[in-house]
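1. The sequence isn't on hand, but the structure is:
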């Protein structure tokens, strides 16, 4: 667990620095509404409607659940997916002579939610599958809409953390004591609660890199899993009649430069995103309202339009009998005979209230996100003696993430972007902002070397960090656009434990070749409408797409897990293929290279594949039913 210290961050200051505020703004991709216009009439209570729809949808779910003792019982939904840490304690020692759980999944993001849903659907009667989530369950309609309510959890001891971030149940997580800051989502659904929701496959060449295991060196292997994940996440493109100014400006920039002959004509297009643009009930029985394009995707959707994991995979997991526990942070795991001991911190939600306990499981699936999984396994190695590969923590990639800013205030062209979110606290937005990301300028072309294959995406800034970023950038967000660039970095960063906290050490990240390519393209981008481009540099190197540290490989000499997600066991040799029985990793940490575009679909597809392999393993036949037809 993080050790909190009351000390300044080295400057001796007792105020929030410009750098700290910019980092929060850039990482959360956030800024404030510069306009307050709303539609006339009585404002619609979108937040209240979203909250009611969520609760009523969950109350309509039915399942065959399992008690602490392993007895099957019929259950009806309660309006929540999760149970608190006090309910988890009822499972300790509940089956004398047997582990508390048959399967424990650590984390509820894309990897954990997928494994929970697929394994629960095939569990045999009495089999107990638990999911442990560090954060709380965020009900749509209750997400923060002001800076004072964000309460991010930070992994850096500083005055800023003590004032704003000493809250382990906050929506955001910041790991900022290293060379690269990593932002994570904390809550049931992990990063899906605060991400930009882009559903996009990497190109074939991303998988042909030597760092990928032979079994996955062709995208065709993942094709059925990409398709399955896309169906589950119900990705849609923004309807053409609802293009907001930000998206029009982004696509228009590419069109202007294509007309000049600077860029290829087909370089820009709209992206599939996990946002619904029509009212309805999805396949998992969750009622959702159409997106109102308020711009608040990255601080949690208070309309209920975002297809975050609490709208699909997690309700499916609940319906299959999985037990979802929130406010439970895993510190480390250790092997004990035929089971794993999982050391946890339980938080009731009361100020500073923390308890520790240990739960046992036959199988453990690590899915705490790249930094979280590495942090837990590093502690498990150092404090618990878990025999893992020397590669643990190495091979970290930031997915080439860089944030840029184009200001049109001094432009001769009348460019309107409306890139500051307005939220829904006052009802329907008068002017459309749009979901956070909607369009892409795509330079992933076969005639370019991999390092020059980058993508540039438009960003809206949620209202919660309102005037802060606008003031700190000295910009009118109605006439400026922030751009997220992704590319192929060298993936040679390292996650380390420093003062028992994870940090990313990578001094060379600022000089990546992909960033030089981005600088050239962004300078060209700005010329289309006479804008001024600059990196969002005051925030420092930052990524919302952390990958690696538990990279897949053929042996422990090359990575931490095999292509099945099984953790290599180095107890009998540092370079073999032996694995820790029943210990898996199924999240972004297993990806051995940058992907060059938003990673959520690839993470989901890899988790779908790992779940299938777990279900098909002969050693797990007593836990899971064979699929029909076998």
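-> Sure thing, it's come through. A quick note: this is a predicted structure, and the numbers were derived from the prediction, not measured. Numbering: from 1, shown residues only.

2. The most centrally placed residue in the chain in helix, strand or coil?
-> The structure's the chain has its C-alpha centroid closest to residue 191; by C-alpha atoms, centre = their mean the separation is 2.6 Å. Secondary structure, DSSP: H, G, I helix; E, B strand; the rest coil: residue 191 is helix.

3. got a pLDDT number for it?
-> Note for residue 191: predicted pLDDT of 97.

4. Ok, the one 3 residues further on next?
-> Residue 194 is assigned a pLDDT of 96 by the prediction.

5. contacting residues around it?
-> Counting by C-beta atoms under 8 Å, 6 or more residues apart in numbering, residue 194 makes contact with 28, 171-172, 185, 298-300. Every residue, glycine included, has its C-beta placed from N, CA and C.

6. still on that earlier bit, can you tell me, leaving aside adjacent residues, what's nearest to the residue nearest to the centre of the chain?
-> residue 185 (4.0 Å; C-beta to C-beta, 6 or more residues apart in numbering).

7. same thing with residue 61?
-> Closest residue to residue 61 apart from its sequence neighbours, by C-beta to C-beta, 6+ apart: residue 77 at 3.8 Å.

8. if we can go back for a sec, which residue in the contacts of residue 194 has the weakest pLDDT?
-> The lowest pLDDT within the contacts of residue 194 belongs to residue 28, with 41.

9. Around residue 210, how many other residues sit close by?
-> Residues lying near residue 210 (other C-beta atoms under 10 Å) number 9.

10. Secondary structure class of it, three-state.
-> Residue 210 - assigned by three-state DSSP - is coil.

11. On the pLDDT front, check it for me.
-> Looking at residue 210, its pLDDT is 97.

12. cool, and the one 4 residues further on?
-> The per-residue pLDDT reported for residue 214 equals 98.

13. Kindly report the same for residue 30.
-> pLDDT, read off for residue 30, is 34.

14. just checking, residue 413 is part of a helix?
-> No: under three-state DSSP, residue 413 sits outside any helix and is assigned coil.

15. which stretches of the stretch 301-450 of the chain have low pLDDT?
-> The model of the stretch 301-450 of the chain has pLDDT under 70 over residues 351-352.

16. tell me the strands in it, going along the chain?
-> 323-325, 328-336, 339-347, 354-366, 394-396, 402-407, 439-442 (DSSP state E, counting those that start in this stretch).

17. Can you lay out those as JSON lines showing mean neighbour count and distance to residue 493?
-> What follows is those, written out as JSON lines (neighbours: other C-beta atoms under 10 Å; distance: least, C-beta to C-beta, whole Å):
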{"stretch": "strand 323-325", "mean neighbour count": "24", "distance to residue 493": "32"}
{"stretch": "strand 328-336", "mean neighbour count": "21", "distance to residue 493": "23"}
{"stretch": "strand 339-347", "mean neighbour count": "21", "distance to residue 493": "27"}
{"stretch": "strand 354-366", "mean neighbour count": "20", "distance to residue 493": "19"}
{"stretch": "strand 394-396", "mean neighbour count": "26", "distance to residue 493": "4"}
{"stretch": "strand 402-407", "mean neighbour count": "24", "distance to residue 493": "14"}
{"stretch": "strand 439-442", "mean neighbour count": "24", "distance to residue 493": "25"}
